[in-house]
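>>> I'll drop the sequence and a predicted model, then ask my questions.
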Amino acid sequence: MPIEATKFVWMDGKLVPWEDAKIHVLSHTLHYGSGVFEGIRCYETKRGPAVFRLTEHVERLFRSAKIHMIDVPFSPQQIVEATGELIRANQLQSCYVRPIIYHGYGEMGLNPLKAPVNVSILTWAWGAYLGEDAFTKGVKTMISSWQRYDTNAIPPAAKATGQYLNSSLAKMEAIKSGYDEAIMLNREGFVADASGENVFIVRDGVLFTPPISAGPLEGITRASVITIAEDLGIDVKNRNIVRSDLYTADEAFMTGTAAEVVPIRSVDDRDLGDPGPITKKVQETFFAAVKGEVEKYSDWNEYV
Ligand code: PPE
């Protein structure tokens with residue numbers, strides 16, 4: 001997806017003009033995928049731009065850093081404040097926010113412990129991740145032939161740059177095969193995640209999603225949707241899902257910061273029909289919540 005430049009990038013405490021936000025080719029993370037990052041959205045609301053659950057995203061970023069033994073030279077509070085400062089400086093009403101903590105230039109070799117740690121935050125306008133039509137028509141998915149990495153190979157709880165090779169292989173395969181998105185199974189054959197989204201299915205009015213132990217990223221949209229569904233009186237269960245559960249689901253959808261809430265139209269060419277009532281209700285409440293229109297969820301709107 002092409003990116004439209006904004007004015008500034010926050011780099012190690014300073015606002016740097018977009019075109020000057022450069023790093024050395026020998027940066028450790030470029031070679032070994034040793035960075036951790038976040039994907040966050042800022043939405044336009046009646047009270048000005050509001051970042052959706054910014055604090056929780058920054059907390060996950062620091063958990064990712066802890067897992068990968070990265071000493072972050074800033075506090076979570078500083079990253080939260082820097083995000084607000086950057087959005088204001090870029091004069092954006094709504095945007096995607098990408099903080100990244102990476103190992104920079106100075107050390108090579110597989111031990112990242114001595115490599116310098118750098119932090120950047122970027123913001124840019126990012127439209128519908130899976131296309132505008134996806135929200136109403138749903139997306140065509142396939143079960144990837146690529147297996148989701150095992151918990152003891154790469155911890156899914158951390159959002160690290162290198163682990164996305166796995167998702168990119170699955171995404172390329174899906175696109176080349178004529179689908180919109182890939183759903184990945186773990187070693188046991190249970191659904192883990194889509195390439196960049198969590199997966200939900202509805203059966204007999206109950207909402208099911210894979211448990212964290214199956215290997216999905218502990219999505220913040222996932223957590224929000226679980227709360228929304230429970231508040232709507234829908235029974236939500238964390239339970240292992242196999243591929244045939246997807247084929248026969250009454251409804252299915254995916255959640256993610258970039259993707260937001262997107263119905264699944266088909267899985268391996270098994271049609272699931274038009275988006276169902278639970279999907280639509282959850283989706284509608286989610287979009288109202290991010291725009292600051294649901295009083296109950298006003299804690300989720302962090303105004304900049
Ligand atoms: N699973 C995976 C594998 C994943 O990458 C994401 C986010 C999620 C689930 C949903 O998590 P959350 O955003 O907290 O609800 N994927 C990010 C990366 C997108 C990209 O292309 O880059 C995102 O949605 O920002």
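Received, thanks.

>>> what's around Gly131, how many residues?
Using other Cβ atoms under 10 Å, Gly131 has 12 neighbouring residues. Quick note: C-beta positions are derived from backbone N, CA and C, even for glycine.

>>> for Ile70, what are its contacts?
Ile70 is in contact with 36, 101, 103, 112, 117, counting by Cβ atoms under 8 Å, 6 or more residues apart in numbering.

>>> That should have said Ser144, apologies.
Contact analysis of Ser144 by Cβ under 8 Å, 6+ apart lists 169-170, 173-174, 182-185, 195.

>>> re earlier: now intersect the contacts of Ile70 with the strands, please.
36, 101, 103, 117 (DSSP state E).

>>> buried set for stretch 105-121?
105, 112, 115, 117-121 (16 or more other Cβ atoms under 10 Å).

>>> Would you mind listing the two of the residues you listed that lie farthest apart?
Farthest-apart pair in those is Pro112 and Ile121; separation 20.7 Å (Cβ to Cβ).

>>> okay, and for the stretch 151-300 of the chain, where does confidence drop off?
By pLDDT under 70, the stretch 151-300 of the chain contains no weakly predicted segment.

>>> Just checking stretch 244-259 against the ligand, any contact.
Yes. Stretch 244-259 lies within reach of the ligand by Cβ under 6 Å from any ligand atom, at 255-259.

>>> And that stretch, end to end?
In stretch 244-259, first residue to last residue: 24 Å (Cα to Cα, to the nearest Å).

>>> Now for the closest residue to the ligand within the chain, how many residues are close by?
Nearest residue of the chain to the ligand, counting by Cβ to the nearest ligand atom: Gly39, 2.1 Å away. By other Cβ under 10 Å, the residues close to Gly39 number 19.

>>> so how far is Ile278 from Ala252?
10 Å (Cβ to Cβ, to the nearest Å).

>>> How about Arg270?
19 Å.

>>> With neighbour numbers in mind, choose between those two.
Remark: of Arg270 and Ile278, Ile278 carries more neighbours, 19 against 13, as counted by other Cβ under 10 Å.

>>> Three-state assignment for Phe62, please.
Put simply, Phe62 is helix when judged by DSSP: H, G, I helix; E, B strand; the rest coil.

>>> Now do it, the pLDDT please.
Predicted confidence (pLDDT) at Phe62: the value is 98.
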